[in-house]
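>>> Show me how the following folds:
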Amino acid sequence: MNTNTNHTAASDEQLVEAARHGDLAAFEELVARHRDRVYARALTMMRNEDEALELAQDAWVKSWQRLGQFQGGSSFGTWLIRIVINLCLDQMRKRRRHPTESLEVLGPDSRAVVRQLPDFAASPVDSLERAELRQRIDAAIEKLSPNHRTVLVLHEFDEMAYKEIAKTIGCNIGTVMSRLFYARRRMAFLLADQRECANCVVQAGV
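So this is what the prediction gives:
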């Protein structure tokens with residue numbers, strides 16, 4: 001591909017190949033296609049807009065520097081998400097002062113039940129209720145450990161299959177399934193606990 005090619009009609013793989021040969025316009029097209037997803041993933045992981053923006057930018061710098069390492073074993077989008085997820089995990093480990101309670105130690109008699117997370121898609125409910133639900137979900141996600149948050153984000157938000165998640169974060173499918181199980185379990189516990197607290201406040205007339 002030369003610089004006169006219509007980049008918008010090219011595939012990601014064609015754009016990567018062109019960018020490897022110095023075509024900056026090709027790389028700019030890749031950024032335009034994937035920047036929203038990269039930022040959204042960083043924001044979901046970090047829960048902070050400034051950090052998410054900085055890490056998203058870092059991901060693009062690293063992707064440019066590492067284009068030669070992209071072998072096409074997965075899609076460019078998956079490879080890119082792997083970069084931003086790793087950057088987020090590194091940042092989370094640096095800022096964490098106290099380890100999150102291990103989810104594996106939760107007993108089987110816990111109030112947590114194995115169930116799917118609430119639907120993140122828009123539903124025909126009042127906007128205030130949606131905002132409150134979003135806040136509860138955000139608060140619960142922030143309490144997850146980095147590893148459990150990662151698999152939850154990739155599966156529930158990116159809708160990745162277990163095999164793709166395993167390839168993205170570099171572990172086996174069994175580990176992905178285990179982490180997702182405990183992440184969902186912990187989320188159900190946290191969201192149920194917050195609902196109960198809210199009900200107590202209402203009943204008390206606060």
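>>> Any idea which residue is closest to the centre of this protein?
Here the mean C-alpha position of the chain is nearest to the C-alpha of Val153 (C-alpha atoms, centre = their mean), at a distance of 3.8 Å.
>>> Identify the residues contacting it.
Residues in contact with Val153 (C-beta atoms under 8 Å, 6 or more residues apart in numbering) are Arg41, Thr44, Met45, Ile141. For the C-beta atoms, the positions are set from N, CA and C on the backbone; glycine is no exception.
>>> quick one, helices of the protein?
In the chain, helices defined by DSSP state H lie at 12-20, 24-46, 49-65, 76-95, 127-142, 146-156, 162-169, 173-203, listed in chain order.
>>> Quick one, which of these gets closest to Asn6.
Between Asn6 and those, the tightest spacing by C-beta to C-beta is seen for helix 24-46, at 9.7 Å.
>>> mind saving the C-alpha coords of that closest one as CSV?
Output of helix 24-46 as CSV, limited to C-alpha atoms (Å, rounded to 0.1, in the frame of the first residue of the first chain):
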residue,chain,number,x,y,z
LEU,A,24,1.7,7.7,9.2
ALA,A,25,-1.7,8.3,7.5
ALA,A,26,-2.3,4.6,7.8
PHE,A,27,-1.5,4.6,11.5
GLU,A,28,-3.8,7.6,11.9
GLU,A,29,-6.6,5.6,10.4
LEU,A,30,-6.0,2.8,12.9
VAL,A,31,-6.2,5.4,15.7
ALA,A,32,-9.4,6.8,14.3
ARG,A,33,-10.9,3.3,14.2
HIS,A,34,-9.9,2.1,17.6
ARG,A,35,-9.3,5.1,19.8
ASP,A,36,-12.8,5.1,21.4
ARG,A,37,-12.6,1.4,22.3
VAL,A,38,-9.1,1.8,23.7
TYR,A,39,-10.1,4.8,25.9
ALA,A,40,-13.3,3.1,27.0
ARG,A,41,-11.4,0.0,28.1
ALA,A,42,-8.9,2.1,30.0
LEU,A,43,-11.7,4.0,31.7
THR,A,44,-13.5,0.9,32.7
MET,A,45,-10.3,-0.5,34.2
MET,A,46,-9.1,2.7,35.9
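>>> counting contacts, what elements does that helix pack onto?
Packing partners of helix 24-46 (3 or more C-beta pairs under 8 Å, 6 or more residues apart in numbering; DSSP states H and E): helix 12-20, helix 49-65, helix 76-95, helix 146-156.
>>> Compute the number of surrounding residues for Tyr182.
A count of nearby residues for Tyr182, using other C-beta atoms under 10 Å, gives 23.
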